[in-house]
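Chemist: predicted structure and sequence below. I'll ask about it afterward.
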Amino acid sequence: AQKVTQAQTEISVVEKEDVTLDCVYETRDTTYYLFWYKQPPSGELVFLIRRNSFDEQNEISGRYSWNFQKSTSSFNFTITASQVVDSAVYFCAHTGGFKTIFGAGTRLFVKA
Amino acid sequence: EAQVTQNPRYLITVTGKKLTVTCSQNMNHEYMSWYRQDPGLGLRQIYYSMNVEVTDKGDVPEGYKVSRKEKRNFPLILESPSPNQTSLYFCASSVTSRTGELFFGEGSRLTVL
């Protein structure tokens, strides 16, 4: 069965530090999509990125970057020069068909 | 404005009193889904719908019902709520189930006493 593991429950960093959020998935699907969502303290869920299983190219968007490695079934998320506004819970998710499976989330605290 | 709207946002109820959480989207999305969020467990899928009149169970469907009579609406029904259904509920929609990003409602915090 599909499974998404975010082993880091909470991470605390000081502003301007780089931080990487880990995501490991298990899947039997040959074609699948991986996602990251952000849930700030206000509670809404915001889409950050989607990656399909055929595209292992890393992606960078401003201070955010994502490293997809199919060989290790990982889809890690790095925030460079973190800011207080990055404080949130981050969820990794997998979709192989009709169901989206989420990890338990990683709560990131960025201290000023 | 593209959005997913859930109501009520907050509800305190008692065991056994039937309740419905409504969900409506204005993006003409085919796929809709309900999740519950509990501490340490992330989001778990309750039910999903591929299109009108097409629904299926997610990972935690027990105690819930859904219907999809119109494309825009996907209500979540708790026929006889129990305290273990106290949770934060999110409705989401997407263009497609597989490739599309999920657009989430603001969440409904339900407490069952």
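Modeler: In hand now; what should we look at? Numbers count the residues shown, from 1 in each chain, chains lettered A, B, ... in the order given.
Chemist: so where do the strands sit in chain B?
Modeler: B:4-7, B:10-13, B:19-25, B:31-38, B:42-51, B:54-57, B:65-66, B:76-78, B:87-94, B:103-104, B:108-112 (DSSP state E).
Chemist: tell me which strands and helices the worst-scoring helix or strand of chain A on mean pLDDT is in contact with?
Modeler: Among the secondary structure pieces of chain A, namely its helices and strands, strand A:59-61 has the lowest mean (mean pLDDT, DSSP states H and E), a mean of 86. With contacts defined as 3 or more CB pairs under 8 Å, 6 or more residues apart in numbering or on different chains; DSSP states H and E, strand A:59-61 has these neighbours: strand A:46-52, strand A:64-69. For the C-beta atoms, the positions are set from N, CA and C on the backbone; glycine is no exception.
Chemist: how far does the helix or strand following the last one sit from the chain's center?
Modeler: Going back to what we said before, that points to strand A:64-69. Read in the C-terminal direction, the helix or strand following strand A:64-69 is strand A:74-79, with elements assigned using DSSP states H and E. Taking the mean of its C-alpha atoms, strand A:74-79 sits 6 Å from the chain's own mean (CA atoms, centre = their mean, to the nearest Å).
Chemist: please apply the same query to stretch A:24-41.
Modeler: Chain-centre distance of stretch A:24-41: 8 Å, with CA atoms, centre = their mean.
Chemist: what about it, start to end distance?
Modeler: This stretch, stretch A:24-41, spans 24 Å end to end (CA to CA, to the nearest Å).
Chemist: and stretch B:98-107, by the same measure?
Modeler: Its first and final residues considered, stretch B:98-107 spans 22 Å by CA to CA.
Chemist: who touches it?
Modeler: Contacts to stretch B:98-107, defined as CB atoms under 8 Å, 6 or more residues apart in numbering or on different chains, come from residues A:33, A:35, A:37, A:43-45, A:47, A:50, A:52, A:95-98, A:100, B:2-6, B:9, B:23, B:25, B:27, B:29, B:31, B:33, B:37, B:88-94.
Chemist: and the closest residue in space to B:Cys91 that isn't next to it in sequence, how many residues sit next to it?
Modeler: The spatial neighbour of B:Cys91 that comes closest, neighbours along the chain excluded (CB to CB, 6 or more residues apart in numbering or on different chains), is B:Cys23 at 3.5 Å. Other residues lying near B:Cys23 total 25 when counted by other CB atoms under 10 Å in any protein chain shown.
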